[in-house]
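*Asks:* let's see this in three dimensions:
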Amino acid sequence: MQIKDYEKELDVRGLFCPLPITYVSRELKNIDVGKRLKVIADDKAFEKDIKIWALETGNKIIDFRKDGHSYIAIIERGKGFHGESLIEKIKFISVGIKLHIIQYLLKIFNKEPKYLITFVSIPEGFRADKWLKEKGIKDYVVLPVPDEIYPYCGLVFGFKNQKNALNVYKLLKENNFLVEDIHLVDKEKKYPKIQIQET
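*Replies:* Numbers count the residues shown, from 1 in each chain. Here you go, the predicted model:
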């Protein structure tokens, strides 16, 4: 019996940037560290995008090849990005500490956000944060991703109300930022996803 070298298969043919990476990120978070996901895509930007994304998220591309008009990638889930060099590691840790302090203060003063936007990677979240601030949009807070959503390092944008969360999510998506989902902060800390009307 031949052993399969991947856990799941994801076909994103017909989808274009940023959707293939968004779906890969979502699917990979549903499998265990060390397990593999096979992805089939036909977007011409996929090869470049997936390699950058893997580097930014600490996941590993085991195999990548072209098959006719499609690309096939085998991606192994890692434990998340923690920086390559010592300087990157120090920056990564200091940012994490800062976000956790903000989260702690919001909890103390009972000002925790009700809605959270997730991203495919930490750098993508920071790029979106910088872009929004340049546009004058500041009605959110950057926080560490809750363990219940993703047990490794990551970040989310927190909002007080659903309308603002939806508006920012759609604005980021329209401008090709790799947003994933919007989660509700519920009392049981299960963080269900909000259904988003695609336009």
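
*Asks:* following element in sequence after the longest helix along the chain, please.
*Replies:* Longest helix of the chain, by residue count under DSSP state H: helix 86-108. The helix or strand immediately downstream of helix 86-108 is strand 115-119, counting by DSSP states H and E.

*Asks:* other residues contacting that next one?
*Replies:* Contacts of strand 115-119 from elsewhere in the structure, counted by Cβ atoms under 8 Å, 6 or more residues apart in numbering, are 125, 128, 140, 143, 145-146, 149-150, 154-162, 164-165, 168-169, 172, 177-185, 191, 194. Quick note: C-beta positions are derived from backbone N, CA and C, even for glycine.

*Asks:* which among the residues you listed end up buried?
*Replies:* Using 16 or more other Cβ atoms under 10 Å as the burial test, the contacts of strand 115-119 include 125, 128, 140, 143, 145-146, 149-150, 154-159, 164-165, 168-169, 172, 177-183, 185, 191 as buried.

*Asks:* tell me which stretches of this structure form strands.
*Replies:* Ranges of strands in the chain, per DSSP state E, are 8-11, 36-41, 60-67, 70-76, 115-119, 141-144, 155-159, 179-184.

*Asks:* now mean pLDDT and distance to residue 107 too, for those strands, in a markdown table please.
*Replies:* As requested, those are exported to a markdown table (pLDDT from 0 to 100; distance: least, Cβ to Cβ, whole Å):
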| stretch | mean pLDDT | distance to residue 107 |
| --- | --- | --- |
| strand 8-11 | 94 | 36 |
| strand 36-41 | 95 | 34 |
| strand 60-67 | 92 | 35 |
| strand 70-76 | 94 | 35 |
| strand 115-119 | 95 | 14 |
| strand 141-144 | 94 | 10 |
| strand 155-159 | 95 | 11 |
| strand 179-184 | 93 | 17 |
